[in-house]
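Engineer: With the sequence up front, the predicted model follows.
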Amino acid sequence: QVQLVESGGGLVQAGGSLRLSCAASGRTFSNSAMGWFRQAPGKEREFVAAISRSGGRIQYADSVKGRFTTSRDNAKNTMYLQMNSLKPEDTAVYYCAVRDTFYTISTRREEYDYWGQGTQVTVSS
C-alpha cells in the first residue's frame, strides 16, 4: 500500500525558513514524478512545485519561484521542499503527491494519484 508522510512543518516568523520532507513507502518511486501542493483555509488546493523522476526537470508556481526549492533522493524514496524567505501568505497545509509510474510532471492536482496527509506551515508577520 502506497503511503506518503510529510514532516517538517511548523510555526516560523516572516523571512524565516523551513524544510519539508515527504517520505514515500509501499513501492519504489524513482519512476514517478512528484509534486507539492498547499491549501490555505477557505481556498482551493494549489500547485507549489513538481519534480521529474530523475530530478532533472522542476517546475514552480510563480508565487514561490526564487524562494522555494524542491529536490528528491530516490535512494531514500524522499522528496524535499526547502522554503526560504517565507511570507504570511505561505501559511497553509502542505501536501506531497505522486503520479503513477512514468507520467511526466504536472501542475494539475487531479493528475496526481497518491497524497500525503499534509503538514501545517504557519508564517507569522
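Structural biologist: Happy to help now that I have it.
Engineer: send the alpha carbons of the host helix or strand of M79 over as PDB?
Structural biologist: Element membership for M79, per DSSP states H and E: strand 78-83. What follows is the C-alpha trace of strand 78-83 in PDB, where atoms were taken according to Å, rounded to 0.1, in the frame of the first residue of the first chain:
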ATOM      1  CA  THR A  78      12.100  11.000  -0.200                       C
ATOM      2  CA  MET A  79      11.300  14.400  -1.600                       C
ATOM      3  CA  TYR A  80      12.100  17.800  -0.100                       C
ATOM      4  CA  LEU A  81      10.900  21.300  -0.200                       C
ATOM      5  CA  GLN A  82      13.300  24.000   1.100                       C
ATOM      6  CA  MET A  83      11.300  27.100   1.800                       C
END
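Engineer: Mind giving me the packing neighbours of it?
Structural biologist: Using 3 or more Cβ pairs under 8 Å, 6 or more residues apart in numbering; DSSP states H and E as the contact definition, the elements that strand 78-83 packs against are strand 18-25, strand 34-39, strand 46-51, strand 68-73, strand 92-98. Where C-beta positions appear, they are placed from N, C-alpha and C, glycine not excepted.
Engineer: Mind doing that once more with 10 Å?
Structural biologist: Applying 3 or more Cβ pairs under 10 Å, 6 or more residues apart in numbering; DSSP states H and E, we find strand 78-83 packed against strand 3-7, strand 18-25, strand 34-39, strand 46-51, strand 68-73, strand 92-98, strand 119-124.
Engineer: That one - which strands sit beside it in the sheet, and in what orientation?
Structural biologist: Counting by DSSP bridges, the strands paired with strand 78-83 are strand 18-25 (antiparallel), strand 68-73 (antiparallel).
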